[in-house]
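# sharing a sequence plus its predicted fold:
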Amino acid sequence: MVSAGVLRRNQFRVLRLTPEHFRTVVIQVPLTQCIITLYKLRKVILAEQSSSTKSLAGDGRPGAPLAPWTYSNSELFELEYTEFFLKRWQFVGHVNDVVGIGDYITADIGRDNVFVVRGKDEELRAFLNVCRHRASRILEGAGTCRGVIRCPYHGWTYQFDGSLMAIPQQDDFPDIDRADYGLRAVQLEVFNGLIFIRVAGSGRSVAEQFSHTADFFEKYDVANYEQIAPSTAEIWDVNWKVAWDNYLENYHIAIGHPGLQRMLIEDSEADDLSSGVSYGIFVFKDMPSKVEEERRYQELLQHADYRLPDDLKGKWVQFGLAPNLGLDLYPEMLDLFRLVPLAPDKTMIHAAYYGHKNPTPEEMELRRLNIQINERVNEEDRQLCTRVQQGLSTYRYRPGPLSQQETTIFNFHEMLRKKLPVMSLEREPGEGLVAVENDAMQKQG
Ligand code: FES
Ligand SMILES: [Fe+2]
């Protein structure tokens with residue numbers, strides 16, 4: 001499944017740049033030159049990261065990652081869910097999943113579920129997937145609503161714009177004003193055909209977050225993609241941060257992913273645009289893999305290059321939208337994986353696959369091989385992450401130092417600690433005190 005993307009992304013050493021780094025580079029050179037320049041700047045940047053790390057560690061030790069308690073505390077999990085999921089853009093599908101009037105898709109964010117439906121005016125709208133009467137979930141999976149959206153419990157019906165249209169036996173609801181009981185709308189944005197929703201909060205749009213890299217999506221023509229394989233969902237017995245930590249670092253690749261190690265160049269250039277979006281470019285090794293499916297993929301890849309400009313031929317481009325979405329652009333397809341937090345120790349990994357309409361036979365074979373290769377990588381990651389989750393609850397465990405290849409983990413943790421300062425505590429607050437301590441620390445600044 002997709003989360004193969006989790007692994008693939010780890011092929012890169014991802015650098016965290018400040019806005020000053022990026023502004024300097026972008027003003028002076030076009031994007032392809034920018035990538036080269038960034039690569040040359042790597043040592044300087046890493047040195048800066050290293051020094052900043054020393055002054056920012058959560059428990060006073062240089063480069064300390066989050067304390068183990070943060071990976072299992074249920075009160076913290078609630079705070080995280082609001083701050084890092086409900087208030088952040090979540091990918092839910094592609095405009096070509098909802099082409100006709102009444103077509104809908106649903107998506108889990110965590111305990112919340114949303115749906116997107118195309119209205120009679122052909123506009124897409126997103127709503128919390130809950131009936132205003134007695135809270136029944138209204139829609140499941142994906143499909144088409146015929147004329148109205150009908151709750152399966154008592155039959156309240158809603159228009160595609162979310163307004164409450166009819167109530168069976170309405171005489172038994174004296175004085176009800178239907179205008180008060182429309183569906184709850186959530187924010188929706190389409191970026192290169194990809195549909196994102198945000199349940200709460202405000203801030204930068206998806207387009208603003210991807211502003212420095214949007215041309216990648218245009219070059220691949222993502223706006224015109226369609227779904228090419230069924231979406232998948234798999235539950236890992238891990239805290240969501242264990243999965244994202246793993247996604248962010250490439251230190252484990254050589255040992256944990258022998259297939260990727262056979263196919264990929266270990267240390268290709270990559271960057272992070274300090275906008276919540278990071279990306280890396282991945283290049284294949286010249287030596288053919290000794291494993292047939294990997295070798296076949298390497299051989300066929302040139303046949304999918306004809307759609308791409310020279311600078312992207314034969315490459316994988318991989319994006320991460322913190323804290324839970326990976327997007328992998330391949331010559332033959334796009335895959336997306338999204339982490340859905342279910343409980344402090346349970347995370348659902350959603351995967352979706354999109355690609356050009358009318359693929360050639362070679363592109364179809366590449367897609368099949370790619371998904372197969374990455375399903376194995378994904379399972380390797382699931383096992384690695386599960387071991388970490390188990391180990392984090394070990395008696396008196398304290399995290400070890402981070403490698404420079406794991407700097408992105410530190411930076412991710414710093415972002416978390418900045419938003420929820422209670423996460424910088426080394427010791428777990430007492431029961432019922434996580435939110436209290438967090439509020440107090442926020443007030444202290
Ligand atoms: S819960 Fe939806 S109609 Fe009653
Ligand atoms: Fe991995």
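Yes, it's here. Residues are numbered from 1 along each chain as shown. Ligands and ions are numbered 1, 2, ... in the order given.
# quick one: mean pLDDT for stretch 197-216?
Per-residue pLDDT values over stretch 197-216 give a mean of 92.
# just stretch 258-274 next, same as before
70.
# run through the bridge partners of residue 197.
For residue 197, the beta-bridge partners are residue 90, residue 188 (DSSP bridges).
# how much space between it and residue 424?
Separation of residue 197 from residue 424 (CB to CB, to the nearest Å) stands at 30 Å. Yep, even glycine has a C-beta here, placed from its N, CA and C like the rest.
# go on, residue 324?
For residue 324, the distance to residue 424 (CB to CB) stands at 21 Å.
# repeat for residue 203
22 Å.
# and for residue 224?
Distance from residue 224 to residue 424, by CB to CB: 45 Å.
# so the two - more neighbours on which side?
residue 424 (20 against 14; other CB atoms under 10 Å).
# from the middle of its chain, how far away would stretch 220-238 be?
Here the centre of stretch 220-238 is set off from its chain's centre by 11 Å, with CA atoms, centre = their mean, to the nearest Å.
# is it in proximity to ligand 2?
No: contact of stretch 220-238 with ligand 2 (CB under 5 Å from the ion) is absent, the minimum separation being 12.3 Å.
# show me what counts as buried in that stretch.
Buried positions in stretch 220-238, judged by neighbour count with 16 or more other CB atoms under 10 Å: 220, 222, 225, 226, 228, 229, 231, 232, 234, 236, 238.
# again, but for stretch 78-88
Under 16+ other CB under 10 Å, the buried positions of stretch 78-88 are 79, 80, 81, 83, 84, 85, 86, 88.
# contacting residues for the spatially most central residue of the chain?
Taking CA atoms, centre = their mean, the centroid of the chain lies closest to residue 325, which sits 0.6 Å from it. Listed by CB atoms under 8 Å, 6 or more residues apart in numbering, the contact set of residue 325 reads 90, 91, 336, 337, 338, 339.
# surely the last one and residue 240 touch.
Going back to what we said before, that points to residue 339. Yes: counting by CB atoms under 8 Å, residue 339 touches residue 240, with 5.0 Å between them.
# who's more crowded, these two?
Of the pair residue 339 and residue 240, residue 240 is the one with more neighbours under other CB under 10 Å, namely 28 against 25.
# need the pLDDT of the more buried one.
98.
# same check on the one 4 residues further on?
Listed pLDDT for residue 244 reads 95.
# next SSE after whichever strand or helix holds it?
Assigned by DSSP states H and E, residue 244 falls within helix 240-248. Following helix 240-248 in sequence order, the next helix or strand is helix 253-256 (DSSP H and E).
# looking at the stretch 51-200 of the chain, which residue is nearest ligand 2?
residue 65 (16.9 Å; CB to the ion).
# wait, is that residue part of a strand?
No: if the criterion is DSSP: H, G, I helix; E, B strand; the rest coil, then residue 65 is coil and not within a strand.
# doesn't residue 410 make contact with it?
Yes: the criterion here is CB under 8 Å, and residue 65 meets it with residue 410 at 6.5 Å.
# quick one: low-confidence parts of the stretch 1-150 of the chain?
Residue ranges of the stretch 1-150 of the chain with pLDDT under 70: 1-63.
# if you set the cut-off to 50 instead, what comes out?
Along the stretch 1-150 of the chain, the parts satisfying pLDDT under 50 run over 1-60.
# ok, which pair from the buried residues of stretch 220-238 is furthest apart?
226 and 238 (31.8 Å; CB to CB).
# how about the residues of this structure that lie near ligand 1?
131, 133, 134, 136, 151, 153, 154, 155, 156 (CB under 6 Å from any ligand atom).
# okay, and which of those map to helices?
Among these, no residue falls in helices (DSSP state H).
# would you turn the residues you listed into TSV with distance to residue 69 and neighbour count?
What follows is those, written out as TSV (distance: CB to CB, whole Å; neighbours: other CB atoms under 10 Å):
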residue	distance to residue 69	neighbour count
131	38	22
133	40	15
134	38	10
136	37	14
151	41	20
153	40	13
154	44	13
155	47	13
156	44	24
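# among those, which two are most distant?
134 and 155 (11.7 Å).
# now do the helices in the stretch 151-300 of the chain.
206-209, 214-219, 240-248, 253-256, 258-263, 292-300 (DSSP state H, counting those that start in this stretch).
# quick one: contacts for the closest residue to residue 333 other than its chain neighbours?
Distance criterion CB to CB, 6 or more residues apart in numbering; nearest residue to residue 333, sequence neighbours excluded, is residue 355 at 3.8 Å. Listed by CB under 8 Å, 6+ apart, the contact partners of residue 355 are 225, 226, 228, 332, 333, 334, 363, 367.
# now, the residues you listed that are in strands?
Counting by DSSP state E, the part of these found in strands is 226, 228, 334.
# where's residue 357, which helix or strand?
With DSSP H and E as criterion, residue 357 is part of no helix or strand.
# nearest spatial neighbour of it, chain-adjacent residues omitted?
residue 226 (5.5 Å).
# and residue 141, by the same measure?
Nearest non-adjacent residue to residue 141 (CB to CB, 6+ apart): residue 106, at 6.2 Å.
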